[in-house]
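*Asks:* build me a structure from this.
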Amino acid sequence: MGWNRLYSLKSYIKSSLWLVPFIALLLYLMAIRVASLLEPWIIWIEPWPWGTEGTQRLLETIITMTLTFVVFTFGSLLVAIQIAGGQLTPRIIATTLLNDNAIRFTVGLFTFTLLFATGALVRLEAAVPQAIAQIAGLLGFLSIAAFLYLIDYAARLLRPVSIMLRVSEQGRAVIEDVYPAMAKAEADTAASYLRPGTEPDKVILYRGRPAIIVAVNKDALLAKAEKTRSVVELVPRIGDFVASGEPLFRLYGILSPDEDKLKSLIAFGPERTLEHDATFAFRIIADIAIKALSKAINDPTTAVLAIDQLQRLLCFAGKRDLGKEAIFNAAGELRLICRTPDWEDFVKLTFSEIRLYGAENFQIARRLRAVLEYGLQVLPEFRRPALETEMALLDRRLAQIYDFPEDLELAKMPDTQGLGGSKSLPPKAQSATGSVTPFRQ
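*Replies:* Residues are numbered from 1 along each chain as shown. Below you'll find the model as predicted:
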């Protein structure tokens, strides 16, 4: 099995709701037999308090209860996921909600309990199997506790702030993986690693159904290039759409790596994922902010929460070394070119669309300015030009929107809360030397 197929299989397993309940079915087949075999060897200090009829009623109650839990959990969560996807962005369904292990393992517990109680009921004859009955009762109690926990967990999970925080955490991990080194004292290196006019010795075209590049095995590509003493250039970036007949690789060198082996090191999928795509977390959070700013929803406070997470991701990316498109071997020879997003990409994703759709709202204009001013303070000097350009664009946009000077002045105040957190100390709180003195209302 090639690397790309193995990667696709792992991704499918991570996002499959049915897999854990299926594993629970297999575990039941083993657990019920092990409990039956150990029944004669277990010495109980306290005898089972219920007779055959009482045990039968208990098992029937557990079966009905867990079946209801399974139906309610799948039905309500699927509806809630669709509603959350419609209100926030559909991209959170596959990237966040379907990967949640708490939901999957809770449903697995319900399935295991349902099957175990059914197996115990079938084995209930004149004598009550105490081991099986007590295990079924314990599982029923755990299922009730898990169901109550799941209701509370799902209610917290589906809040916009929880979704955006989760996406932000995954995006931070991807940025750290793609850009492992911290930023240097100078700007990131330019992207021209080949001599101008250099023609590739071979171009490998993509053949197959239209798809998105979701992951690249850079280490294996580097090993292939090193083995053939060639330079491998991956034309599209991770997250790009490719159609059949479009260039996938450009190869430079007398010896070219095997075409099929190179293609097997690229994973394709129907949509972008958060695992290797450094900008996709920005895209998801920006989409949530844009939808919140639409006239149909008109929820600027949710957009402010999205900008909070964008600020966190942008400043984290700004402190990394983003000039790692070219990969060299130990001797310093160029072997692999794999394009990655640069600083301008991150800045545009953070500000451009939100400024376009939300600058007319005081909260958004003030929160965007607060992000820009914070970035100018904490990020390296060579990150400033892109932020200063966005600041100028924001000022020009505000000047077009607001007719009244008072509104324009209000919109130009930086505010970390959007509206309500920009008040500074009154003039009376400043002493003649400029130091801050206590201020009393």
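
*Asks:* all helices for the stretch 151-300 of the chain, in order.
*Replies:* With DSSP state H, counting those that start in this stretch as the criterion, the stretch 151-300 of the chain has helices at 160-178, 218-228, 259-263, 280-292, 300-318.

*Asks:* my error: substitute the stretch 301-441 of the chain in the last question.
*Replies:* Using DSSP H, counting those that start in this stretch, helices in the stretch 301-441 of the chain cover 343-358, 362-378, 384-401, 405-411.

*Asks:* and the second one, average pLDDT?
*Replies:* Per-residue confidence for helix 362-378 averages out to 95 on the pLDDT scale.

*Asks:* which other residues reach stretch 84-103?
*Replies:* Applying Cβ atoms under 8 Å, 6 or more residues apart in numbering, the external contacts of stretch 84-103 come out as 14-17, 73, 77, 81-82, 150, 153-154, 157-158, 160, 163, 166-167, 170, 271-274, 280, 283-284, 287-288, 291, 297. Glycine gets a C-beta too; all of them are placed from N, C-alpha and C.

*Asks:* at 6 Å instead, please
*Replies:* 14-15, 81, 153, 158, 163, 166, 274, 284, 287-288 (Cβ atoms under 6 Å, 6 or more residues apart in numbering).

*Asks:* again with stretch 385-401
*Replies:* The contact list for stretch 385-401, computed with Cβ under 6 Å, 6+ apart, reads 343-344, 347, 351, 355, 359-360, 365, 368, 372, 375-376, 411.

*Asks:* which one of those residues sits closest to residue 311?
*Replies:* Ranked by distance to residue 311 (Cβ to Cβ), these are led by residue 375 at 7.6 Å.

*Asks:* the closest one: neighbouring residues, count only.
*Replies:* 22 (other Cβ atoms under 10 Å).

*Asks:* ok, it - contacts?
*Replies:* Applying Cβ under 6 Å, 6+ apart to residue 375 gives the contacts residue 387.

*Asks:* I'd like the distance between it and residue 300.
*Replies:* Distance, residue 375 to residue 300, by Cβ to Cβ, to the nearest Å: 21 Å.

*Asks:* how near is the residue lying closest to residue 185 once chain neighbours are set aside to residue 315?
*Replies:* Distances taken as Cβ to Cβ, 6 or more residues apart in numbering place residue 380 nearest to residue 185, at 7.5 Å, with adjacent residues excluded. Note on residue 380: its distance to residue 315, by Cβ to Cβ, is 11 Å.

*Asks:* dump the helices of the stretch 151-300 of the chain into JSON lines; add mean pLDDT and mean neighbour count as well.
*Replies:* Listed next are those as JSON lines, based on pLDDT from 0 to 100; neighbours: other Cβ atoms under 10 Å:
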{"stretch": "helix 160-178", "mean pLDDT": "92", "mean neighbour count": "19"}
{"stretch": "helix 218-228", "mean pLDDT": "90", "mean neighbour count": "17"}
{"stretch": "helix 259-263", "mean pLDDT": "88", "mean neighbour count": "15"}
{"stretch": "helix 280-292", "mean pLDDT": "94", "mean neighbour count": "24"}
{"stretch": "helix 300-318", "mean pLDDT": "95", "mean neighbour count": "23"}
